[in-house]
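Colleague: build me a model:
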Amino acid sequence: MKLNCIAIDDEPLALTLIEEYVKKTPCLSLLKTFQNPMDSFEFLMDNRVDLIFLDIQMEELNGVQYLKTLTNKPLVIFITAFDSYALEGYELDVVDYLLKPLSFERFIKAVDKAYEKFQRLNYQLTDSQTINSNGNKDDYFFIKTEFRLQKINFSDILYIEGMGDYLRIITTSQKIMTLQNFKKMEELLPESRFCRVHKSFVVSLDKIDSIEKNHIKIGSVEIPISDSYKKLFFDLLEGKKLI
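Modeller: Now for the predicted structure:
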């Protein structure tokens, strides 16, 4: 499995070098690079990022400040021209601390450490990807996201969107990416409250604002209703006396 990574550095030449090194490293997939760390926040919300190559000395927001703002922290490798942040990097639990000019040999050693940590954390959670000990009698469940188990309240879920091998759970307060499939997810969700309406969407029935033709409106988002799931969906609505 490849680690999805991004690189943040205000020096274009440094980003170019990281891109070249990543291309030579089979276990990495570079999703995007950023010269301004502020531009990465929305991307992190919408995409699964396992590893960040992060410069420290940046004008608008330095790497240490940036890392402290993140709620859901991926693995991080600091890359900097200065060695004065090594202790702070250790306290922030970064994987490694690389000094510029960066050699490929040193880069690979840091990536190996990141991959080993990634595998170890995932192995520890493999048997606990989804936890709901009372068979949906509770009003919440836990799901594995990145390197932790995240509690999610059923009442907070707006809809769930399939994205390849991942699901993106959209709640009232956040977007959560998880390596999961719809079959397992549907086993967790109360059948009376959630319905599959498309191969790529599950919706929370009580969050639906309107239904028009073959589309569901939840807030400003329009979700398609496919022919395969239409009967099930409208039968469920009729049973709840919603129509």
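Colleague: sketch out the low-pLDDT regions of this structure for me.
Modeller: Residue ranges of the chain with pLDDT under 70: 83-91, 122-138, 146-147, 240-243.
Colleague: can you list the domains in it?
Modeller: With domains defined by automatic domain parsing, the chain comprises 3-125, 154-239.
Colleague: quick one: closest of those domains to residue 148.
Modeller: Across these, residue 148 has its closest neighbour in domain 3-125 (7.9 Å, Cβ to Cβ). Where C-beta positions appear, they are placed from N, C-alpha and C, glycine not excepted.
Colleague: what sits against residue 200?
Modeller: Applying Cβ atoms under 8 Å, 6 or more residues apart in numbering, we find residue 200 in contact with 161-162.
Colleague: for residue 154, see how far away it is.
Modeller: 20 Å (Cβ to Cβ, to the nearest Å).
Colleague: again with residue 22
Modeller: Between residue 22 and residue 154 the computed distance is 39 Å (Cβ to Cβ).
Colleague: hang on, the earlier thing: could the domains of the chain be laid out in TSV, adding distance to residue 139?
Modeller: TSV is the format used below for those (distance: least, Cβ to Cβ, whole Å):
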stretch	distance to residue 139
domain 3-125	23
domain 154-239	5
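Colleague: nearest to residue 144, out of the ones you listed?
Modeller: Across these, closest to residue 144 is domain 3-125 (Cβ to Cβ), at 5.0 Å.
Colleague: mind listing the helices for this protein?
Modeller: Remark: helices assigned in the chain by DSSP state H are 12-23, 41-46, 63-69, 86-91, 104-125, 182-188, 227-239.
Colleague: would you turn those helices into a markdown table with mean neighbour count and distance to residue 205?
Modeller: Below are these laid out as a markdown table (neighbours: other Cβ atoms under 10 Å; distance: least, Cβ to Cβ, whole Å):
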| stretch | mean neighbour count | distance to residue 205 |
| --- | --- | --- |
| helix 12-23 | 16 | 43 |
| helix 41-46 | 13 | 25 |
| helix 63-69 | 17 | 35 |
| helix 86-91 | 14 | 46 |
| helix 104-125 | 15 | 30 |
| helix 182-188 | 14 | 14 |
| helix 227-239 | 13 | 7 |
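Colleague: residue 32: which of these is closest?
Modeller: helix 41-46 (6.1 Å).
Colleague: send the alpha carbons of that closest one over as PDB?
Modeller: What follows is helix 41-46, C-alpha atoms only, in PDB (Å, rounded to 0.1, in the frame of the first residue of the first chain):
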ATOM      1  CA  PHE A  41      -6.100  23.100   4.900                       C
ATOM      2  CA  GLU A  42      -9.100  22.500   2.600                       C
ATOM      3  CA  PHE A  43      -7.200  19.800   0.700                       C
ATOM      4  CA  LEU A  44      -6.500  17.900   4.000                       C
ATOM      5  CA  MET A  45     -10.300  18.000   4.800                       C
ATOM      6  CA  ASP A  46     -11.200  16.500   1.400                       C
END
